[in-house]
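> fold the following, please.
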Amino acid sequence: MENKQTFAESMAELEEIVRKLELGDVPLEEAIDLYKKGMELSHYCHQKLSNAENQLISIVNDQGEKQPFEPLKGED
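Reported below is the predicted structural model:
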């Protein structure tokens, strides 16, 4: 799925889909389409979060080299 939406827009759409499905007032065919769209959005958002996490778990040291981020390192 090629998604031109921002993460926030995708999450808002996903929340709306979940709200509609929870209400149960949609015909079966529409519910199936909403479910499929929701799964696509969920996958897209998960990928965005994973990419962000991967960027945040490494830091650049004084020599400009990437190294793993160890938040507890140096704490007593």
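
> buried residues, stretch 39-56. List them.
Buried residues in stretch 39-56, counted by 16 or more other C-beta atoms under 10 Å: Leu41, Tyr44, Cys45. Any C-beta I mention is one placed from the backbone N, CA and C, and that applies to glycine too.

> can I assume Gln67 sits in a helix?
No. Secondary structure of Gln67 (DSSP: H, G, I helix; E, B strand; the rest coil): strand, not part of a helix.

> close enough to count as contact, Tyr44 and Ser10?
Yes. Contact criterion C-beta atoms under 8 Å: Tyr44 and Ser10 qualify, at 5.7 Å.

> among the buried residues of stretch 39-56, which are in helices?
Leu41, Tyr44, Cys45 (DSSP state H).

> can I get those residues in JSON lines with pLDDT and distance to Ile32?
Compiled in JSON lines, these are given as follows (pLDDT from 0 to 100; distance: C-beta to C-beta, whole Å):
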{"residue": "Leu41", "pLDDT": "97", "distance to Ile32": "15"}
{"residue": "Tyr44", "pLDDT": "96", "distance to Ile32": "19"}
{"residue": "Cys45", "pLDDT": "96", "distance to Ile32": "20"}
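
> which one of the residues you listed is nearest Asp33?
Leu41 (12.6 Å; C-beta to C-beta).

> surely the closest one touches Ile17?
Yes. The criterion here is C-beta under 8 Å, and Leu41 meets it with Ile17 at 7.1 Å.

> quick one, what contacts the residue nearest in space to the middle of the chain?
For the chain, the residue sitting closest to the mean C-alpha position, by C-alpha atoms, centre = their mean, is Cys45 at 2.3 Å. Contact analysis of Cys45 by C-beta atoms under 8 Å, 6 or more residues apart in numbering lists Phe7, Ser10, Met11, Leu14.

> state the distance from it to Val18.
Computed as C-beta to C-beta, to the nearest Å, the Cys45 to Val18 distance reads 12 Å.

> what of Tyr44?
Applying C-beta to C-beta to Tyr44 and Val18 gives a distance of 15 Å.
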